[in-house]
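# coordinates for the following, if possible.
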Amino acid sequence: MFKNLYVCTTIKKWPVRLGVRTSGFHPGNRGSNPLRATSFTNNKELKMANHKSAIKRIKVNNKKRLLNRYQSATTRNAITKFKALQDKKEAEEALPGVVSKVDRLVKKNIIHANKGSRIKSQLSKHVAAL
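Model (predicted):
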């Protein structure tokens, strides 16, 4: 008659950073909420932010991360195509476009300035060697 009285349900626990106060650590207002990790997925159930501004920050960071990945991938593809060129005239015409893409990544701090300089130097050496 009372078979389903004690139904076990699984409770989804959020990952909590170590060394912080979790629920029940201190009575009262202080330290009753755990500091929660944030997720990079678009699923709203997995976002573990406690404030509206933190939720917005997760969204903005996601958009910026995707844009940065797109721009760096596009630049890497342009560099690969440039290095595959064997004609000196074509390479000289294509060099300013690739260099401007690298400069754009440096300007937005997607890659380090020294790495950008190194890439541009390698590209110019490639043109000179043709």
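# what bits of this structure have low per-residue confidence?
1-48 (pLDDT under 70).
# which is the next helix or strand following whichever helix in it runs longest?
Using DSSP state H to define each element, the chain has its longest helix at helix 52-84. Sequence-wise, the next helix or strand downstream of helix 52-84 (DSSP states H and E) is helix 88-107.
# what's the end-to-end length of stretch 103-113?
9 Å (C-alpha to C-alpha, to the nearest Å).
# mind starting the numbering at 7 from now?
Sure, I'll start counting at 7 from here, so that last one is stretch 109-119.
# now do that stretch: everything it contacts.
For stretch 109-119, the external contacting residues (C-beta atoms under 8 Å, 6 or more residues apart in numbering) are 74, 77, 78, 81, 108, 121, 122. Quick note: C-beta positions are derived from backbone N, CA and C, even for glycine.
# any chance of those in a markdown table, with distance to residue 64 and neighbour count too?
Output for these, formatted as a markdown table (distance: C-beta to C-beta, whole Å; neighbours: other C-beta atoms under 10 Å):
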| residue | distance to residue 64 | neighbour count |
| --- | --- | --- |
| 74 | 16 | 15 |
| 77 | 21 | 16 |
| 78 | 21 | 15 |
| 81 | 26 | 21 |
| 108 | 30 | 20 |
| 121 | 28 | 13 |
| 122 | 29 | 19 |
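# which one of those is nearest residue 67?
Each of those was checked against residue 67 using C-beta to C-beta; the closest is residue 74, at 10.3 Å.
# for the closest one, which non-adjacent residue is closest in space?
The shortest distance from residue 74 to any non-neighbouring residue, by C-beta to C-beta, 6 or more residues apart in numbering, is to residue 116 (5.0 Å).
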